[in-house]
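[1] give me a 3D structure for the following:
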Amino acid sequence: MSYKVEIKKNKDGFFEMHPSEAAVIVKYRVEAVVVRADGTEIARGRKGATKLMHFTNLADATDLKRVAREAISRCTYLDPSRIDELEQILAALRTRQKLAKPSRPGTAMRPATGSSANRRPKVDAKISDLPQYRSLLYNTIEDKIAGSEMILQLVQSKVHVAQIARSDPVINALARLLFEDESRNLDLKINICRIFACMAQLSLAPALFTKNRIGGSLLQEVDLELQRYQTWKDGLVQRQHEPAELESFRKKFIHFLRKQDQFLAVALKILLLIGRDLATQTKMVKKGVVAVLARCCERSNPEVQILGLRFLLRLSLFVENLERFAQAGVVEKVARAVDQQRSREVGEYGLRLLYNLSLCPTIRQGMLKKSFTKRILPLLEDSKYCELTARLLYSMSQDSRGLRAAPDLGATCARLLARNSESHTGSGEYLLALTTNLVNHPGLAEDFAGAVKMDEVMATSLATSDAALLRIVNLVTKNVPDAKWMSEQNLSTIVKAFKTEATTEFTMECTIGLAVALEKDHCSTADVSRFCKLQTELTTKSVQARTPAELLALAYFIGALASTDKGADLLTAASMTDWLCRKLGEPDGQQEELSLQIGYALMKLTQYEPARLRIMDYPGITKVLSTNTQRASDVSRSLFEELLRHLSLVSEDIHEAWKSERFQQYNGQWLQAIATRHGNGADNIYATDDFNDDEMDLITKFGLEEIGLDLSDDLEDDDDDVEDMIERYSARTHSRLDFRS
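    The predicted structure follows:
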């Protein structure tokens with residue numbers, strides 16, 4: 001059978017500046033799919049790929065944006081939105097090429113200027129002359145630089161790199177120079193780091209670097225260079241009042257800064273590769289790598305910032321490192337780097353790191369104290385960082401202070417959701433989750449409702465069947481009295497979704513949406529009945545509901561219908577009273593949220609005589625309700641005790657049955673208390689009057705307390721008390737919509 005191979009290249013290609021050549025390294029992924037002639041897939045495979053894009057003669061007059069645009073147009077696997085990043089890398093390449101050119105032919109090596117460090121040797125290096133190059137490493141600083149340049153030229157060839165890596169004399173000499181060089185010459189250190197960077201991809205590199213303590217030496221050198229940088233900055237500040245020296249010193253400082261950035265970039269790449277080994281990573285953390293990397297994030301060079309952030313992001317995955325992050329003030333330093341937005345990658349890596357750190361309660365508390373939520377809020381409206389910022393804000397919204405710290409957060413989320421709806425682009429899951437958390441708070445829900453038209457948001461959620469967006473509408477409607485989505489079209493659509501036989505998260509949200517509208521008097525039972533046979537639909541839904549979430553949504557809807565006479569009559573006709581009592585006695589009904597919703601619905605239905613009689617006639621209703629009074633939750637216990645007390649006012653049978661149930665419950669507790677006393681080693685437990693308070697309570701309930709109820713009381717005389725009771729419990733039961741999050 002004939003077949004063909006389709007090659008696909010993903011557009012998430014990552015590129016970075018080559019450490020030594022005038023080129024950009026492009027890393028992407030290739031996916032191959034083997035399909036038959038009829039289109040049936042046979043096999044699929046993925047593989048990482050790397051390409052070099054060479055750029056020569058980048059003069060000052062070169063239009064870098066045009067060059068970047070042409071390069072990305074030729075590489076179809078690169079995202080066109082990353083032109084700005086490629087332009088920044090090209091600018092860095094042009095700067096490096098300018099520094100690599102000697103001032104004039106024949107100029108001798110001058111460590112002070114460092115212009116010869118990146119200059120290509122006039123003579124091609126030969127592997128046979130390696131001993132001579134090694135001997136240069138023991139001479140003057142000029143010879144050391146010349147020898148390191150020759151060795152660097154050799155290791156850039158795949159043919160010689162492994163041979164040189166196995167040469168202990170050469171490696172020992174390079175490691176000694178890196179560790180003991182008193183001149184702190186940046187040209188020399190850059191060459192040595194580039195040599196080790198070429199070796200870092202070899203399989204023998206971990207053992208080689210560990211043996212020669214390359215990681216420790218590099219970490220120490222990076223720390224020293226950062227200290228030198230601070231010294232230069234202090235010198236610049238001191239010369240602010242000396243105009244004669246200021247300009248000259250500033251030029252030297254800029255030159256030094258460019259050289260130092262080159263060294264830091266190569267050194268951090270090596271440390272990043274070495275840090276893949278967990279044992280080595282642990283040693284580096286103990287030696288203070290977190291503080292060093294945090295200071296690297298404050299540099300102005302995007303490449304150095306990105307490398308520092310990538311390493312910190314890796315270290316943030318380990319809980320034992322988080323204390324060091326707090327001590328080093330990483331949050332503030334990374335936040336400043338994100339604020340500057342010198343590169344899109346800096347912003348992305350920075351926000352990912354901040355998100356990881358926000359998962360630590362201690363660090364999150366520190367963020368909130370410094371009004372961090374308000375600080376990063378502008379990034380939420382930037383399309384490049386919207387989803388990452390929403391993820392960070394969602395993490396911080398776990399603490400209510402994180403929501404109150406940014407008053408404009410609700411309105412901002414509303415504008416973003418409206419903008420995405422108009423452009424027909426889906427909102428990210430974290431933006432929806434963040435907005436859901438926000439609208440759970442009445443004050444922020446009002447901000448949200450004031451920034452959008454609720455009927456339009458509702459129409460969008462129904463048209464797209466977006467359960468998350470519909471959940472937001474339901475919460476806003478619940479928390480904001482004036483927030484209404486009601487229109488003829490919206491009501492027709494939501495009832496149609498309610499009638500759907502297939503049960504999904506969206507249909508459950510439609511059920512809850514109708515319940516909220518009924519509770520808030522935005523529509524009536526008659527309005528809903530115009531679009532469906534409500535009694536039939538309730539019967540069908542009661543049979544279809546299986547999962548706790550489906551049962552909870554239906555119980556909530558029934559509770560909303562029970563608020564009116566017509567709704568209560570309809571529920572009674574559909575035998576929903578029996579369904580509620582039956583579900584309350586089943587294992588699913590023992591879940592806290594579901595039992596509260598069912599209890600609330602039964603409480604409402606007891607106000608209507610036909611429904612009340614059906615409830616009292618249900619077999620074993622007293623035992624079912626009495627069982628629920630033994631719950632750990634005070635809300636559940638009080639609700640079902642009130643319900644039983646209310647039913648016992650009009651039914652002597654329920655009154656007597658409840659007394660019997662309470663007797664059995666308290667008797668069981670009393671026997672358990674006696675057994676516990678006996679198990680604790682108490683002697684002659686029946687011959688002592690020394691009971692503790694809990695046992696005395698049990699004795700009182702067991703033998704001395706009677707339920708004094710006047711059975712002649714008419715239910716109508718107790719209506720006010722019932723209304724107060726329902727109002728008291730409904731605010732704590734049916735209004736809890738967070739079971740879906």
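[2] A helix includes residue 522, no?
    No - counting by DSSP: H, G, I helix; E, B strand; the rest coil, residue 522 is not part of a helix but coil.
[3] what about the strands in the chain?
    3-9, 14-17, 23-36, 41-54 (DSSP state E).
[4] how about low-confidence regions in the stretch 101-250 of the chain?
    101-123, 181-183 (pLDDT under 70).
[5] what residues sit buried inside stretch 236-249?
    239, 249 (16 or more other CB atoms under 10 Å). From N, CA and C alone the C-beta is placed, and that goes for glycine too.
[6] would you put the C-alpha positions of it in CSV?
    Listed next in CSV are the C-alpha coordinates belonging to stretch 236-249 (Å, rounded to 0.1, in the frame of the first residue of the first chain):
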residue,chain,number,x,y,z
LEU,A,236,30.6,56.7,38.6
VAL,A,237,28.5,58.2,41.3
GLN,A,238,31.5,59.7,43.0
ARG,A,239,32.5,61.5,39.8
GLN,A,240,29.2,63.1,39.2
HIS,A,241,30.6,66.3,40.7
GLU,A,242,33.8,66.1,38.6
PRO,A,243,32.8,66.8,35.0
ALA,A,244,36.4,66.6,33.8
GLU,A,245,36.8,63.0,34.8
LEU,A,246,33.1,61.9,34.4
GLU,A,247,33.0,61.5,30.6
SER,A,248,36.3,59.6,30.4
PHE,A,249,35.3,57.3,33.3
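[7] other residues contacting it?
    235, 250, 253 (CB atoms under 8 Å, 6 or more residues apart in numbering).
[8] how about the residues you listed in a markdown table, adding neighbour count and distance to residue 562?
    Putting the contacts of stretch 236-249 into a markdown table (neighbours: other CB atoms under 10 Å; distance: CB to CB, whole Å) gives the following:
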| residue | neighbour count | distance to residue 562 |
| --- | --- | --- |
| 235 | 13 | 79 |
| 250 | 12 | 79 |
| 253 | 16 | 77 |
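[9] looking at these, which is nearest residue 619?
    residue 253 (89.8 Å; CB to CB).
[10] can you tell me, leaving aside adjacent residues, what's nearest to that closest one?
    Counting by CB to CB, 6 or more residues apart in numbering, residue 253 lies nearest to residue 232, which is 5.3 Å off, once chain neighbours are set aside.
[11] and residue 364, by the same measure?
    Closest to residue 364 by CB to CB, 6+ apart is residue 358, at 4.9 Å.
[12] isn't that neighbour right up against residue 367?
    Yes - judged on CB atoms under 8 Å, residue 358 makes contact with residue 367 at a distance of 6.4 Å.
[13] now do the shared contacts for those two.
    Listed contacts common to residue 358 and residue 367 are residue 396; contacts here mean CB under 8 Å, 6+ apart.
[14] more neighbours: those two, which one.
    A direct count of neighbours by other CB atoms under 10 Å for residue 358 and residue 367 places residue 367 higher, at 26 against 23.
[15] where do the helices sit along the stretch 201-350 of the chain?
    For the stretch 201-350 of the chain, applying DSSP state H, counting those that start in this stretch gives helices covering 205-211, 214-238, 243-274, 278-286, 289-296, 302-315, 322-327, 330-340, 344-358.
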